[in-house]
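Undergrad: Fold the following and give me the result.
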Amino acid sequence: MPLQISQFKSPIGVINLIADEQVLLGLNFSTVKALKSSVDEVDYAKGFKEVSKIVVISDLLSDYFSGDIDAINGISVRQPGAKFSQAAWKAMRKVRAGKVLSYADLADRAGSIAAVRAAGSACAKNAIALVVPCHRIVKTGGALGNYAYGLSKKEWLLRHEGAL
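TA: The predicted structure is shown next:
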């Protein structure tokens, strides 16, 4: 069965989605081309099919933007990556909406207190923005740090979730 590709209109722009049935493989605010390049070879070989919405995933995103900020926790995810990145992404998913975590704390929770730069790299390589909530990771002291899709989107998401 081919991977499903869809676009979701959100208050902060169009979101591109790619899923293998009910498992989200990618979410970005940039391009479908970048989205496709983020999936692993096995998934890529399945091919792609554009759909108007991805059942369950699109509905949970709609719920999130309508104010149920915990709705995205119900979305299953999968993305390729090294062991530390996988641990960091798992730790990010445990950061509750409305809260933030420093890059240093993320490194610690991912298994290596000294791997602050690797924690930042895991955020940058995250192919499932929003649902794997790298926007909830900030600098020590609370400064926003970076966000691949622009600090205005990161700030909007954190305000929406009540963290700012």
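Undergrad: Only C-alpha atoms from now on, for both contacts and neighbour counts.
TA: Fine.
Undergrad: in the protein, what spans have low per-residue confidence?
TA: Of all residues in the chain, none has pLDDT under 70.
Undergrad: Outline the domain layout of it.
TA: 3-76, 81-160 (automatic domain parsing).
Undergrad: Please, where are all the helices along this protein?
TA: 32-37, 41-44, 57-65, 83-93, 103-109, 116-125, 151-160 (DSSP state H).
Undergrad: To residue 21, which of these lies closest?
TA: helix 57-65 (9.7 Å; Cα to Cα).
Undergrad: List the buried residues for the closest one?
TA: Using 16 or more other Cα atoms under 10 Å as the test for burial, helix 57-65 gives 57-58, 60-62, 64-65.
Undergrad: Take those and write them to JSON lines, including distance to residue 124.
TA: Converted to JSON lines, these look like this (distance: Cα to Cα, whole Å):
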{"residue": "57", "distance to residue 124": "23"}
{"residue": "58", "distance to residue 124": "24"}
{"residue": "60", "distance to residue 124": "24"}
{"residue": "61", "distance to residue 124": "22"}
{"residue": "62", "distance to residue 124": "25"}
{"residue": "64", "distance to residue 124": "23"}
{"residue": "65", "distance to residue 124": "23"}
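Undergrad: Of the residues you listed, which pair is most distant in space?
TA: 57 and 65 (12.6 Å).
Undergrad: And the residue positioned nearest the centre of the chain, how close does it get to residue 112?
TA: Among the residues of the chain, the one closest to the centroid is residue 129, at 2.2 Å (Cα atoms, centre = their mean). Distance of residue 129 to residue 112, given as Cα to Cα, to the nearest Å: 23 Å.
Undergrad: That concludes my questions; thank you for your assistance.
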